[in-house]
Every structure is written in structure tokens, then in C-alpha cells.
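Student: have a look at this prediction, sequence included:
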Amino acid sequence: MTGTRLQVMPATSLPAWLDTTMAAYVRSRMRSGESRERAEANKQQSLDRWFPGGAPLAGHHVWDVLDDQDTVVGYLWIGPFEAGSADWWVFDVEIDADHRRLGHARRALELGQQVAKDQGARSIGLNVFGYNTGAQDLYAQLGYRVTSTQMLLPLD
């Protein structure tokens, strides 16, 4: 077990984190076949819905993931998918490249799942892009099961 822990991301860090994570979101959607315009529109919808005024929606948690040396090695964002719902979502989890494969993502997700459960969640879901097989393996090991699959055939 790693010494991984979660710490609320400081409000002063949120704007830079949002810029970085949303840029990565756009790239991931484009890598999965969306046009830049559609990916940017999805990004804006996410910001409007989940970060009104630049702050996380009530009930959402954005944490820095820290290692046993108190170094920030990534982040985790979870919360109810709908206001007041007992069905929660992992909206984003990322561990910095130099700190991957050390158990930080697994432990961060376990800690986040416990917070969700303590706050009345009955389930926690997530989306994983098809090309991210490492993450898919981790989620399966943690007990997540596939509930739907989207596929795309480019016609160009």
C-alpha cells in the first residue's frame, strides 16, 4: 500500500488545473474521433455544468493526489452525476507520468470511493477512452464493470 493521500486542491490552483485538464479532455475527444469544434463544445458544456463561476459544483470534490513525501503527483475529481443523486462519477483522475505504476491512482480511487460512500453514494461510474487500456485494466481490477461501449468507424 502506498502512502498516497488526497488533499483538497487549493482554490488558487483550480484555474490552472481546469485549463490543463480541459485541454487534455479536448485532445482525448479528438483522439477518439471528434472534431475540434465538437470537442471544444463538449469542454464548454462540462465547464458550464460542473464548474459554474470557475468553482466545483456543490458536492463535487477536486483533490490533489499526494505521495508519502507530500509531493503532488496527480489529481482526482469526483461527485454526484446529478445534483442530489446517489450515483456518483469519477470525472477525472490523472497521475503524473513520472509517478505512474506506483499505486497512486489505485489508492486515490479507493479513497475517493470511500468519500462517496460516506456521503451516501450507492455507485460510482466513470468513462474511459478506448485507447487507454492501462486505465481500463486498473478499473477492472478495482471492480468497475463495463456498462456500455461506444464505437466509431471513420469514413475518410
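Tutor: Here it is on my side, so go on. Fair warning: this is a prediction, and the values are worked out from it, not measured in the lab.

Student: how much space separates the most centrally placed residue in the chain from residue 151?
Tutor: Closest residue to the average C-alpha location of the chain: residue 92 at 0.9 Å, with CA atoms, centre = their mean. Remark: distance between residue 92 and residue 151 (CB to CB, to the nearest Å) = 23 Å. C-beta: built from backbone N, CA, C; applies to glycine.

Student: over to residue 78?
Tutor: Distance of residue 78 to residue 151, computed by CB to CB: 27 Å.

Student: which strands or helices does the longest helix along the chain pack on?
Tutor: If you go by DSSP state H, the chain has its longest helix at helix 14-31. With contacts defined as 3 or more CB pairs under 8 Å, 6 or more residues apart in numbering; DSSP states H and E, helix 14-31 has these neighbours: helix 36-50, strand 72-80, strand 87-95.

Student: for the last one, name the packing helices and strands.
Tutor: Using 3+ CB pairs under 8 Å, 6+ apart as the contact criterion, the neighbours of strand 87-95 among helices and strands are helix 14-31, strand 72-80, helix 104-118, strand 123-126.

Student: now what about the second one, what contacts it?
Tutor: Looking back up the chat, that one is strand 72-80. Strand 72-80 has contacts (CB atoms under 8 Å, 6 or more residues apart in numbering) with 4, 6, 9, 17, 21, 50, 56-57, 59-67, 86-96, 99, 104-105, 108-109, 111-112, 115-116, 121, 124.
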